[in-house]
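[1] I need the structure of the sequence given here:
(one chain, ligands or ions: 1)
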Amino acid sequence: MVRLRFAPSPTGYLHIGGLRTALYNYLYAKQNGGKFLLRIEDTDRTRYVEGAIENLIHELKWAGVEADEGVCLDENGKITEVGECGPYIQSERVEKGIYNKYAEELIERGYAYYCFCSKERLDDVKNQQKADGKIPRYDGLCRGVSIEDAKKRIANGESYVIRLKLPENRDIVFEDVIKGKITINTNDMDDQVLIKADGFPTYHFAVVVDDHLMGITHIVRGDEWISSTPKHIYLYEALGFEKPTFVHLPTVLNKSGKKLSKRNDDASVEDFRLKGYLPEALINYLALVGWSPESNEEILSLDEMVKQFSFDRVSKSGGVFDVDKLDWVNAQYIRKMEVSELAKLVKPYLVKAGFIKEDICEKRLELITKTFQESISRLPEIVEQSRFLFEDVAVEPDALKMRNVEHIEILKEKMKEELSQIEEMDEETAKGFMKKVQKASGFKGKDLYMPVRALLTGQVHGPELSNILEILGKGEILRRLE
Ligand code: GLU
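    Predicted structure coming up:
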């Protein structure tokens with residue numbers, strides 16, 4: 001059975017690229033009847049952000065990309081775990097001594113060593129190497145310290161790290177599913193720190209140990225990690241672990257071809273949620289940034305993506321995240337929605353704008369929603385588009401000029417007359433109202449509709465006029481005519 005994982009670090013928020021990584025892991029796991037895990041990689045304590053784990057889980061859940069195993073939230077919003085391979089938060093695994101056990105085993109077997117070099121010494125070495133035009137890397141001084149001596153120094157309270165002992169001049173080779181065969185010589189690699197001075201493992205060590213212990217079969221992650229993979233490959237060998245399949249995904253780029261970043265772009269999932277994108281639309285579009293289905297369809301539900309997904313059709317180079325395209329996809333989803341569902345989603349925006357009250361009747365809310373369903377591409381757009389219904393609007397200066405004053409006056413009179421005949425502007429009345437005004441005034445087509453729209457909405461174009469009449473109601477129409 002395949003087992004895939006998403007393993008974010010809780011450094012603040014879920015990046016849109018991270019969501020895509022999670023999604024591809026999810027799609028592949030589901031397609032193959034496997035499991036999708038969520039593990040938290042929090043061994044870099046300096047980058048830990050309070051509340052970030054909850055936020056990650058919350059955004060994944062919102063997007064519909066939920067894990068089968070690992071970290072989740074209970075009904076009170078507290079972090080909890082499901083599954084047999086826990087803990088799934090790395091700092092909790094540190095406390096259990098999981099990483100140290102493997103690090104010590106590597107030392108015993110000659111694959112790793114204690115290193116006592118101070119930061120000052122390491123800096124000096126690096127600076128000298130740079131000055132000599134060499135690539136800075138650890139010079140291996142502590143490789144020569146025997147295990148016995150090292151243990152004495154540790155007992156004396158000296159600070160230390162544990163480093164991987166790379167063999168000289170060996171090609172490390174692996175096959176990436178997307179990028180193909182990758183070869184790096186150990187002479188171009190550094191003796192990676194495995195356990196830091198604070199006793200915590202580095203990402204590189206913890207990721208290998210955990211992916212093994214959690215039975216991960218496919219590692220699917222961003223290609224910023226591809227240069228680290230040779231270290232991991234060597235660790236798999238040193239630890240005697242079976243290697244998983246590696247899949248490195250192309251970066252999510254902005255329109256200028258740069259990595260999507262919080263500084264220049266909306267880059268967090270939360271940004272998009274707050275802007276009123278639908279989760280189904282966001283993941284649909286996001287899946288297409290770097291992957292295309294064989295069917296070339298652009299609108300795919302999560303289930304359809306599960307069926308059609310394949311790594312073969314993931315591109316090698318970066319995918320551009322185009323917000324205009326996302327808007328288009330989002331608009332498609334809004335159009336397809338049941339009005340009653342959409343009404344629930346737009347309601348908070350209309351309430352916040354002061355256009356409607358919390359206790360608005362369902363029928364009226366749905367009428368308002370329906371009126372703008374075809375024209376909004378994001379939920380909050382309904383506020384600007386419907387403003388003319390709830391606030392006094394200035395009539396566009398040119399809107400009435402095209403018909404002479406007399407024409408407008410006749411129209412107003414006839415409308416008022418027709419209004420006086422009706423009790424209430426309900427759906428049926430609204431639908432038949434313009435026909436009546438047409439008959440009474442003798443105006444039709446543009447001579448009728450444009451001035452009426454201008455009188456009531458300030459503009460000559462807009463959504464379905466009978467909906468507008470019904471929403472405004474008899475009293476408000478009269479007031480506007482006056
Ligand atoms: N913790 C790493 C990150 O935040 C995970 C990388 C990986 O998937 O191996 O990107």
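
[2] and the nearest residue to residue 326 once chain neighbours are set aside, what does it touch?
    Computed as Cβ to Cβ, 6 or more residues apart in numbering, the closest residue to residue 326 that is not its neighbour in sequence is residue 285, at 4.6 Å. All C-beta atoms are positioned from the backbone trio N, CA, C, and that covers glycine. Taking Cβ atoms under 8 Å, 6 or more residues apart in numbering as the definition of contact, the neighbours of residue 285 are 325-326, 329-330.

[3] Select from the residues you listed every entry located in helices.
    Filtering the contacts of residue 285 for membership in helices, criterion DSSP state H, returns 325-326, 329-330.

[4] Tell me which residues touch the residue nearest to residue 217 when sequence neighbours are not counted, please.
    Across the structure, with Cβ to Cβ, 6+ apart as the measure, the residue nearest residue 217 apart from its sequence neighbours is residue 2 (4.8 Å). Applying Cβ under 8 Å, 6+ apart, one finds that residue 2 lies in contact with 28-29, 32-35, 217-218.

[5] The same query, at a cut-off of 10 Å, please.
    Residues counted as contacts of residue 2 (Cβ atoms under 10 Å, 6 or more residues apart in numbering) are 28-36, 215-218, 244-245.

[6] Please tell me how far residue 360 sits from the ligand.
    From residue 360 over to the ligand the distance is 44 Å, taken as Cβ to the nearest ligand atom, to the nearest Å.

[7] got the contact list for the residue lying closest to that residue once chain neighbours are set aside?
    What sits nearest to residue 360 in space, not counting adjacent residues and going by Cβ to Cβ, 6+ apart, is residue 347, at 7.6 Å. By Cβ under 10 Å, 6+ apart, residue 347 lies in contact with 356, 358, 360, 362, 365, 368-369, 379, 382.

[8] which intervals of the stretch 301-450 of the chain have sub-threshold pLDDT?
    Within the stretch 301-450 of the chain, the ranges that satisfy pLDDT under 70 run 397, 399-402.

[9] Helix or strand: which one has the residue nearest to residue 360?
    Secondary structure from DSSP states H and E places residue 347 in helix 339-352.

[10] Around the ligand, pick out the residues from the stretch 1-150 of the chain.
    Contact residues (Cβ under 6 Å from any ligand atom) of the stretch 1-150 of the chain with the ligand: 7-9, 41.

[11] Give me the phi and psi for the residue of the stretch 251-400 of the chain found nearest the ligand.
    Distances between the stretch 251-400 of the chain and the ligand by Cβ to the nearest ligand atom are smallest at residue 251, namely 12.3 Å. Backbone torsions of residue 251, given as degrees, to the nearest 10, read phi -70, psi 150.

[12] if I read this right, it contacts residue 317, doesn't it?
    Yes. Counting by Cβ atoms under 10 Å, residue 251 does reach residue 317; the two are 8.6 Å apart.

[13] shared neighbours, the two?
    Both residue 251 and residue 317 are contacted by 223, 290, under the criterion Cβ under 10 Å, 6+ apart.

[14] coming back round to it: dump the contacts of residue 285 into TSV; add distance to residue 440 and neighbour count as well.
    Formatted as TSV, the entries for those read as follows, by distance: Cβ to Cβ, whole Å; neighbours: other Cβ atoms under 10 Å:
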residue	distance to residue 440	neighbour count
325	48	14
326	48	24
329	46	23
330	43	25
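
[15] and residue 184, what does it touch?
    With contacts defined as Cβ under 10 Å, 6+ apart, the neighbours of residue 184 are 170-174, 227, 229-231, 233-234.

[16] same question, residue 177
    Taking Cβ under 10 Å, 6+ apart as the definition, contacts of residue 177 comprise 218-220, 245-249, 311-312, 314.

[17] Walking through the stretch 151-300 of the chain, point out its helices one by one.
    Under the criterion DSSP state H, counting those that start in this stretch, helices of the stretch 151-300 of the chain are mapped to 203-213, 229-239, 269-274, 279-288.

[18] any idea which element the residue lying farthest from the centre of the chain lies in?
    Most distant from the centre of the chain: residue 406, at 57.2 Å, with distances by Cα atoms, centre = their mean. Taking DSSP H and E as the criterion, residue 406 maps to helix 405-421.

[19] Against residue 286, how distant is residue 106?
    Using Cβ to Cβ, to the nearest Å, residue 106 is found at 39 Å from residue 286.

[20] got the buried residues for stretch 312-320?
    Counting neighbours by 16 or more other Cβ atoms under 10 Å, one finds that the buried residues in stretch 312-320 are 314, 318-319.

[21] Stretch 119-138 now?
    Result for stretch 119-138 [16+ other Cβ under 10 Å]: buried residues 125-126, 138.

[22] same question, stretch 174-194
    174, 176-179, 182, 184, 186, 189, 191-194.

[23] Next: stretch 406-420.
    By 16+ other Cβ under 10 Å, the buried positions in stretch 406-420 come out as 408, 410-412, 414-415, 418-419.

[24] Write a ChimeraX command that selects only the buried members of the contacts of residue 347.
    A single ChimeraX command is used to select the members of the contacts of residue 347 judged buried by 16+ other Cβ under 10 Å:
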select :356,360,365,368,369,379,382
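
[25] Could you dump the contacts of residue 347 into a markdown table and include secondary structure and distance to residue 265?
    Written out in a markdown table, the entries for the contacts of residue 347 read as follows (DSSP: H, G, I helix; E, B strand; the rest coil; distance: Cβ to Cβ, whole Å):
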| residue | secondary structure | distance to residue 265 |
| --- | --- | --- |
| 356 | coil | 33 |
| 358 | coil | 35 |
| 360 | coil | 36 |
| 362 | helix | 38 |
| 365 | helix | 34 |
| 368 | helix | 32 |
| 369 | helix | 30 |
| 379 | coil | 20 |
| 382 | helix | 25 |
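
[26] and of the contacts of residue 347, the nearest to residue 164?
    The shortest gap between residue 164 and any of the contacts of residue 347 belongs to residue 379, at 50.5 Å (Cβ to Cβ).
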